[in-house]
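**Student:** Got a predicted structure here, sequence first:
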Amino acid sequence: MSRTSKILLSLMAVITLIQTVWFVSSEMFIPYLTDFFESMRTTNSRLTEVVAIVFGVIVALFALVMLIIALSSRTSEKDLKLQGGRGKLTIPKKSMEQIVDKSIAENHQVGNIQTKVRVRGNDRIQAQVSVEDISDGNYDVNAKEIQETVQDSIQRHLGMKSHVNVQIIPRKQSSKSLKVI
């Protein structure tokens, strides 16, 4: 989370807490707080009204912005949910990643395969693959072949289109110990 977001959320939390304590202390007796807010209301009634209106407007605007963000932002699915004539099928994200890892390991000379899969709606999957190339060959060609392998595997096993990004790390530049599946 960015620093600006943290500051805004913290400010809204403080304003909301003050407003809540103010409201509760005006309705029921809380030692010290009720006396404080009552004395503030009697001595500076105009200032109290302005502060109440400003706090109310700030909280209302914040709530409206949060509602708009919640309604307009895309939802990200962790699991793939398919529905057919025979019922519903849910495929966990981890299983999709294992399918991709296994297809890469069977068809290419690579190690330390790391896959991240995201479900984009019901008709598209995005995969990010990071591998270490053992062969030290032509990395562009190997990346293209791995990309095609992953796309074919996802199409064959899940029947969906996919967008695949492949990152090949040369074995010489890797700091990890080699793990081959």
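**Tutor:** Received it, and whenever you're ready, just let me know what you need.
**Student:** Would you map out the domains in the chain?
**Tutor:** 3-72, 80-173 (automatic domain parsing).
**Student:** Quick check: the gap between residue 14 and residue 139.
**Tutor:** The gap separating residue 14 from residue 139 is 52 Å, by CB to CB, to the nearest Å. All C-beta spots, glycine's among them, are computed from the backbone N, C-alpha and C.
**Student:** neighbour count winner among the two?
**Tutor:** Neighbour count, other CB atoms under 10 Å: between residue 14 and residue 139, residue 139 has more, with 15 against 10.
**Student:** Quick one: neighbours of the residue nearest to that one when sequence neighbours are not counted, just the number.
**Tutor:** Nearest residue to residue 139 in three dimensions, chain neighbours excluded: residue 168, at 4.8 Å (CB to CB, 6 or more residues apart in numbering). For residue 168, the neighbour count with other CB under 10 Å is 18.
**Student:** one step back: just the domains of the chain: most buried one?
**Tutor:** Most buried of these by mean neighbour count (mean count of other CB atoms under 10 Å) is domain 80-173; its value is a mean of 15.
**Student:** Report the rounded mean pLDDT for that domain.
**Tutor:** Mean per-residue pLDDT for domain 80-173: 84.
**Student:** before we move on, what about stretch 49-59?
**Tutor:** On average, stretch 49-59 scores 84.
**Student:** and after the helix or strand encompassing residue 104, which helix or strand comes next?
**Tutor:** If you go by DSSP states H and E, residue 104 is part of helix 93-107. Note on helix 93-107: by DSSP H and E, the next helix or strand toward the C-terminus is strand 110-120.
**Student:** What's the separation between the residue nearest to residue 139 and residue 154?
**Tutor:** From residue 168 to residue 154 the distance is 19 Å (CB to CB).
**Student:** One more: residue 166?
**Tutor:** 13 Å.
**Student:** Same question for residue 15.
**Tutor:** Distance from residue 15 to residue 154, by CB to CB: 48 Å.
**Student:** next one: residue 139
**Tutor:** 22 Å.
**Student:** ok, longest helix in the chain?
**Tutor:** Ranked by residue count and defined by DSSP state H, the top helix of the chain is helix 45-72.
**Student:** Touching the helix or strand following that one from outside, list them.
**Tutor:** Downstream of helix 45-72, the next assigned helix or strand under DSSP H and E is strand 80-84. Outside strand 80-84, the residues that touch it by CB atoms under 8 Å, 6 or more residues apart in numbering are 88-91, 93, 96, 119, 122, 125, 158, 160.
**Student:** Wait, residue 90 touches residue 79, no?
**Tutor:** Yes. Contact criterion CB atoms under 8 Å: residue 90 and residue 79 qualify, at 5.2 Å.
**Student:** Which strands or helices does the helix holding residue 104 pack on?
**Tutor:** The contact analysis (3 or more CB pairs under 8 Å, 6 or more residues apart in numbering; DSSP states H and E) places helix 93-107 against strand 110-120, strand 124-133, helix 139-158.
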